[in-house]
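>>> What follows is a predicted structure for the sequence shown.
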Amino acid sequence: QWIYLNGQYVKKEDAKISVYDHGFLYGDGIFEGIRIYDGNIFRCREHLDRLYDSAKSIMLSIPLSLTQMEDALRETIRRNGLRDGYIRLIVSRGPGNLGLDPLRCPEAYVVIIVEQLAIYPEEAYRDGLRSVSVSPRRNLPDALNPKIKSLNYLNNILVKIQANLAGVGEAIMLNSQGYVAEGSSDNIFIIKRGVVFTPPCYIGALEGITRGAIIDLCAKLGIPLREEPFTLHDVYTADEVFFTGTAAEVIAVREVDGRIIGEGRAGPLTSRLLDEFRKIVTVEGVK
Ligand code: PMP
């Protein structure tokens with residue numbers, strides 16, 4: 001396995017970085033998770049736009065142009081010989097001193113890892129996941145800037161720990177006001193009487209690429225969709241609930257906090273959106 005590390009392609013065992021890296025010391029950096037379908041990088045430009053916007057927002061200068069980054073992604077995929085898989089692209093502040101001042105970090109690190117993807121078993125897409133709501137809240141200032149896909153995932157980790165303790169696949173995170181925000185690493189949607197709802201990003205949801213693809217699909221298919229704040233009550237009483245994410249795609253939820261959602265398996269509209277989503281990932285081609 002070959003890893004892109006600051007302009008070089010190195011073996012996994014040799015892909016090492018400084019312990020002074022501020023990504024390591026402080027979570028100071030940004031990342032992307034991107035999917036490769038049949039050799040194509042799904043919505044590559046959208047992921048890179050989000051990455052460069054995140055970088056701009058935290059005043060991190062990425063030492064590669066957008067096209068150089070795209071070339072590096074393609075070259076890493078080529079060297080690893082993968083047609084289907086997952087790309088993790090990380091840009092961290094780079095090595096500095098022990099203080100947190102980013103001015104002491106002259107050079108950002110860029111790392112690209114391409115791997116096979118461990119995803120949910122196919123039956124999970126039919127049966128749906130069990131889920132619970134958890135106590136950690138979407139943290140500040142990330143909640144105010146949820147569009148920054150930063151390396152600060154401590155809250156998401158705490159959410160995942162609670163999901164693990166509850167024995168469920170993904171959990172539901174609220175914002176500090178108690179509105180439903182998202183999962184530990186997925187966006188959330190609910191469906192009620194044929195209308196699809198997802199929290200607006202300002203509630204504290206990442207502007208997920210898969211979320212965007214589902215919003216586009218609903219528009220294309222004439223399915224009404226509203227970006228609106230909602231609460232756990234709305235989740236419990238929804239006809240259908242699903243999560244979206246690069247790794248998870250569109251995964252139904254059959255139970256939340258002990259309440260059975262709809263028929264207790266993937267609902268018709270969720271299944272349709274999953275089908276339509278899987279169609280676009282294979283036909284969109286190199287972008
Ligand atoms: N929310 C969070 C917190 C995430 O980390 C992710 C990415 N895994 C998502 C939502 C989904 O975003 P995307 O569809 O771009 O993968």
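That came in fine, so what should we check first?
>>> Only C-alpha atoms from now on, for both contacts and neighbour counts.
OK.
>>> what's the domain layout of this structure?
Domain assignment for the chain by automatic domain parsing gives 2-115, 122-283.
>>> could you redo those domains as JSON lines and give each row mean pLDDT?
As requested, those are arranged in JSON lines below (pLDDT from 0 to 100):
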{"stretch": "domain 2-115", "mean pLDDT": "96"}
{"stretch": "domain 122-283", "mean pLDDT": "93"}
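>>> how much space between Arg50 and the ligand?
9 Å (CA to the nearest ligand atom, to the nearest Å).
>>> Would you mark the buried spots in the helix or strand containing that residue?
Element membership for Arg50 (DSSP states H and E) is helix 44-57. Using 16 or more other CA atoms under 10 Å as the test for burial, helix 44-57 gives Cys44, His47, Leu48, Arg50, Leu51, Tyr52, Asp53, Ser54, Ala55.
>>> Show residues contacting it.
With contact meaning CA atoms under 8 Å, 6 or more residues apart in numbering, helix 44-57 is reached by 29-32, 34, 61-62, 66, 70, 147-150, 209, 287.
>>> Determine which two of the buried residues of helix 44-57 are furthest apart.
Spatial extent of the buried residues of helix 44-57 (CA to CA) is set by the pair Cys44 and Ala55 at 16.4 Å.
>>> of the buried residues of helix 44-57, closest to the ligand?
For the buried residues of helix 44-57, the residue nearest the ligand by CA to the nearest ligand atom is His47; the value is 7.3 Å.
>>> Flag every residue of the stretch 151-287 of the chain that's near the ligand.
Within the stretch 151-287 of the chain, the positions near the ligand by CA under 6 Å from any ligand atom are Ser184, Ser185, Asp186, Asn187, Leu206, Gly208, Ile209, Thr210, Arg211, Thr244, Gly245, Thr246.
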